[in-house]
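A.B. asks: coordinates for the following, if possible.
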Amino acid sequence: MSDEQNQYEQERRVKRDKLREIGVDPYGQRTEGLTSLAEIRAMFKPEMGHEGGPVVKAAGRIILKRDMGKLSFITLRDASGDLQVGLNKQKLSELGWQVRDLLDLGDQIVVEGPLGQTNKGEISIWATSVSMASKALLSPPAKWEGLSDVELRYRQRYVDLWANPEVMTMAKQRIAIVQEVRDFLRGRGFVEVETPMMQTLHGGANARPFTTKMNALDLNLFMRIAPELYLKRLLVGGMPKIFELNRNFRNEGMSPKHNPEFTMLEAYEAYGSWETMAELVESMICTVAMNVLGTLRISHRGTEGTEGRTINLEGDLSKPAGQRWPRRRMADLVEERTGWKFDKQPIPSDLLQKLRDQNHGKDLKHQDNPAEQLTELYEKLVEPTLVDPCYVTHVPSVVIPLARPCKDDRYFADVYELAINGAEISPGYTELNDPDVQAAQFQQQVGDKEEQQKVDEDFLNALKFGMPPAGGMGLGIDRLIMMLTGAESIRDVILFPLMRPVENG
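C.D. replies: Residues are numbered from 1 along each chain as shown. This is a model prediction of the structure:
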């Protein structure tokens, strides 16, 4: 803390002590009968005049204070918005006026009085009483322009939420979107379940886990990277339509689209397929967009150096709802972008070198497996260009060991990867339920004997009891919210994103 900041804090501490001296608790008490500032503003009618409206009681944080002798105007802010409060010495008690003299920006107060307007037409509460709710010892951002330091905004979200109203709006939109997702699935007959977040084996996805230890059992555990294998156990157990919306943890890099702790939805339907999941996801996203945003055309402003764009969720209106988003084979998309006609053989070396030499292809790895080459070319060269929704199908089976192979060509998996706004937002599978094929897929995935201990034998045992044919899908909630709200960084849609600790000194 700088000397200047320390000085301001000391001055506020003095005011706090003076409040106590005059018998006022600077940290308030239980208060009933409060009305949000937005609701109060909506009560106002022009015929109320100067102060002829109903008596209201409100609480909020002071974001602006103007003193003019025996009259002060304060702008309060709560989670619903802002509203002006007029403090007139003639209307307040002597104690109330003393409190007025000890108020600072950032303080939280409770006011009560009639609703009306100023001579200039500003809707206001004309306070007849004012009391403290919480004395702020630290000064708010300078000039109340909000926190401008992006790094500081993420670290001090508790300030960011009330200093930048658009951040509060984003937080409310996230809450509404998550609720709409749950309501949609329940309306389709799905039930919400909870599965372990600490697991003896990590499975369900290819990612590096976080490790922990349970001292009581001297047991090494993993924070889950995906709930898939436990949810499929519930299909075996006889639950036909289930979903889980909760946290996953992956000990990997951070970027504008990745946070080590993130929110994921997974849903499974017995006797479904990737196609039933595609319809489910399309219908759900469109329903959520309409209910929360009121539109299927989502505007993104773009970041510095990039143009804004509009995401069109409507799709082909000539088709039935839930089937309007295009479905394209991965190999066809890669061929259109690179000229490589996929024939299950490695990409010609001259073409690969040409792609490396291009700006967008310079970081291509030296993969030998044609399936991995196809997947990498898609992820790096094609996926970032898919702005409007697109279901990418016929992904090589080798990279998706938990999905059922396509009937017409077992080289590919019976899956979709839904790309929107240049990123994968949802994978969906026709689930593999043959225990012997699943065991072989796991064996191919883990390779040598040292890695075989990572195979979930209990899951394979569950499959031997019989899992019905099923469709399953995952949906990245954070990425969904980014897409729907126009956020360009995942940290904007997570209230407390992971940050590197600040080094003291």
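A.B. asks: quick one: the strands in the stretch 51-200 of the chain, in order.
C.D. replies: For the stretch 51-200 of the chain, strands defined by DSSP state E, counting those that start in this stretch occupy the ranges 55-68, 71-78, 81-88, 108-117, 123-127, 129-134, 191-192, 198-199.
A.B. asks: highest mean neighbour count out of those?
C.D. replies: strand 123-127 (a mean of 23; mean count of other CB atoms under 10 Å). From N, CA and C alone the C-beta is placed, and that goes for glycine too.
A.B. asks: just how off-centre is that one within its chain?
C.D. replies: Centroid separation for strand 123-127 versus its chain: 37 Å, with CA atoms, centre = their mean, to the nearest Å.
A.B. asks: can you name the residues in contact with that strand?
C.D. replies: With contacts defined as CB atoms under 8 Å, 6 or more residues apart in numbering, strand 123-127 is touched by 40-41, 44, 50-51, 56, 58, 73, 83-88, 91-92, 96, 111-118.
A.B. asks: so what strands line up beside it?
C.D. replies: strand 81-88 (parallel), strand 108-117 (antiparallel) (DSSP bridges).
A.B. asks: what mean pLDDT does the longest one get?
C.D. replies: Mean pLDDT, taken over the full extent of strand 108-117, equals 97.
A.B. asks: 267 is where my numbering starts, stick with that
C.D. replies: From this message on, residue numbering opens at 267, which makes the last subject strand 374-383.
A.B. asks: got the angle between it and strand 321-334?
C.D. replies: Counting by axes from the mean of the first three to the mean of the last three CA atoms, to 10 degrees, strand 374-383 lies at 100 degrees to strand 321-334.
A.B. asks: next, the angle from strand 374-383 to strand 395-400.
C.D. replies: For strand 374-383 against strand 395-400, the angle by the same axes, to 10 degrees is 150 degrees.
A.B. asks: and for strand 374-383, what's in contact with it?
C.D. replies: 294, 297, 300, 306, 309-310, 314-328, 340, 342, 351, 357, 365, 369, 389-400, 402.
A.B. asks: which helix runs longest in this structure?
C.D. replies: Looking across the chain with DSSP state H, the single longest helix is helix 431-453.
A.B. asks: name the helices or strands packed onto that one?
C.D. replies: helix 423-429, strand 457-458, strand 507-515, strand 527-536, helix 540-559, helix 743-751 (3 or more CB pairs under 8 Å, 6 or more residues apart in numbering; DSSP states H and E).
A.B. asks: ok, and what's touching it?
C.D. replies: 343, 345, 347-348, 419, 423, 426-428, 458, 509, 511, 529, 531, 533, 549-550, 553-554, 557-559, 741, 743, 746-747, 750-751, 753, 758-759, 761.
A.B. asks: just the buried ones among those residues, please.
C.D. replies: Among the contacts of helix 431-453, the ones that count as buried by 16 or more other CB atoms under 10 Å are 343, 347-348, 419, 423, 426-428, 509, 511, 529, 531, 533, 549-550, 553-554, 558-559, 741, 743, 746-747, 750-751, 753, 758-759.
A.B. asks: contacts only, for L497.
C.D. replies: V459, T461, I508, E510, E532, Y534, G738.
A.B. asks: let's go with 7 Å and repeat that
C.D. replies: By CB atoms under 7 Å, 6 or more residues apart in numbering, the contact list for L497 reads T461, I508, E510, E532, Y534.
A.B. asks: check contacts around the residue nearest to A492 when sequence neighbours are not counted.
C.D. replies: Closest residue to A492 apart from its sequence neighbours, by CB to CB, 6 or more residues apart in numbering: G470 at 3.2 Å. By CB under 7 Å, 6+ apart, G470 lies in contact with I491, A492, P493, E494, L495.
A.B. asks: any idea which of those residues has the most stuff around it?
C.D. replies: P493 (28 neighbours; other CB atoms under 10 Å).
A.B. asks: pLDDT wise, what is that residue at?
C.D. replies: pLDDT, P493: 95.
A.B. asks: report the separation between it and L668.
C.D. replies: P493 is 12 Å from L668, where distance means CB to CB, to the nearest Å.
A.B. asks: quick check: phi and psi at V502.
C.D. replies: Here is the backbone geometry of V502 (degrees, to the nearest 10): phi -60, psi -40.
A.B. asks: how many residues are close by it?
C.D. replies: V502: 18 surrounding residues under other CB under 10 Å.
A.B. asks: test my guess that it contacts N727.
C.D. replies: No: contact criterion CB atoms under 7 Å: V502 and N727 do not qualify, at 9.7 Å.
A.B. asks: residues in contact with Q624?
C.D. replies: Q624 touches nothing, counting by CB under 7 Å, 6+ apart.
A.B. asks: 10 Å - rerun?
C.D. replies: T604, L630, L647 (CB atoms under 10 Å, 6 or more residues apart in numbering).
A.B. asks: for the residue sitting furthest away from the middle of the chain, which non-adjacent residue is closest in space?
C.D. replies: Largest separation from the mean C-alpha position in the chain: Q356, at 49.0 Å (CA atoms, centre = their mean). Leaving aside its sequence neighbours, Q356 sits nearest to K336 (CB to CB, 6+ apart; 7.2 Å).
A.B. asks: dump the helix or strand hosting G737 to PDB, restricted to CA.
C.D. replies: Per DSSP states H and E: G737 is located in strand 736-742. The C-alpha trace of strand 736-742 is given here as PDB (Å, rounded to 0.1, in the frame of the first residue of the first chain):
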ATOM      1  CA  ALA A 736     -26.800 -44.100 -25.300                       C
ATOM      2  CA  GLY A 737     -26.100 -40.600 -26.500                       C
ATOM      3  CA  GLY A 738     -23.900 -38.300 -24.400                       C
ATOM      4  CA  MET A 739     -22.700 -34.800 -24.700                       C
ATOM      5  CA  GLY A 740     -20.500 -32.200 -22.900                       C
ATOM      6  CA  LEU A 741     -21.000 -28.500 -22.900                       C
ATOM      7  CA  GLY A 742     -18.400 -26.000 -21.700                       C
END
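A.B. asks: average pLDDT for it?
C.D. replies: pLDDT averaged over strand 736-742 gives 97.
A.B. asks: same thing with stretch 454-468?
C.D. replies: Per-residue scores along stretch 454-468 average to 95.
A.B. asks: mind checking the end-to-end distance for it?
C.D. replies: Start and end residues of stretch 454-468 are separated by 30 Å (CA to CA, to the nearest Å).
A.B. asks: got the angle for the strand holding G737 vs helix 540-559?
C.D. replies: 40 degrees.
A.B. asks: for strand 736-742, name the packing helices and strands.
C.D. replies: On a contact count with 3 or more CB pairs under 10 Å, 6 or more residues apart in numbering; DSSP states H and E, strand 736-742 meets helix 494-503, strand 507-515, strand 527-536, helix 540-559, strand 678-686, strand 689-696.
A.B. asks: the last one pairs with which strands, parallel or anti?
C.D. replies: Going back to what we said before, that points to strand 689-696. strand 678-686 (antiparallel), strand 736-742 (antiparallel).
A.B. asks: quick one, helices of the stretch 567-716 of the chain?
C.D. replies: For the stretch 567-716 of the chain, applying DSSP state H, counting those that start in this stretch gives helices covering 596-604, 615-623, 636-643, 701-712.
A.B. asks: need these in JSON lines (columns: distance to Q465 and mean neighbour count).
C.D. replies: Formatted as JSON lines, the helices of the stretch 567-716 of the chain follow (distance: least, CB to CB, whole Å; neighbours: other CB atoms under 10 Å):
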{"stretch": "helix 596-604", "distance to Q465": "31", "mean neighbour count": "19"}
{"stretch": "helix 615-623", "distance to Q465": "39", "mean neighbour count": "13"}
{"stretch": "helix 636-643", "distance to Q465": "26", "mean neighbour count": "20"}
{"stretch": "helix 701-712", "distance to Q465": "16", "mean neighbour count": "16"}
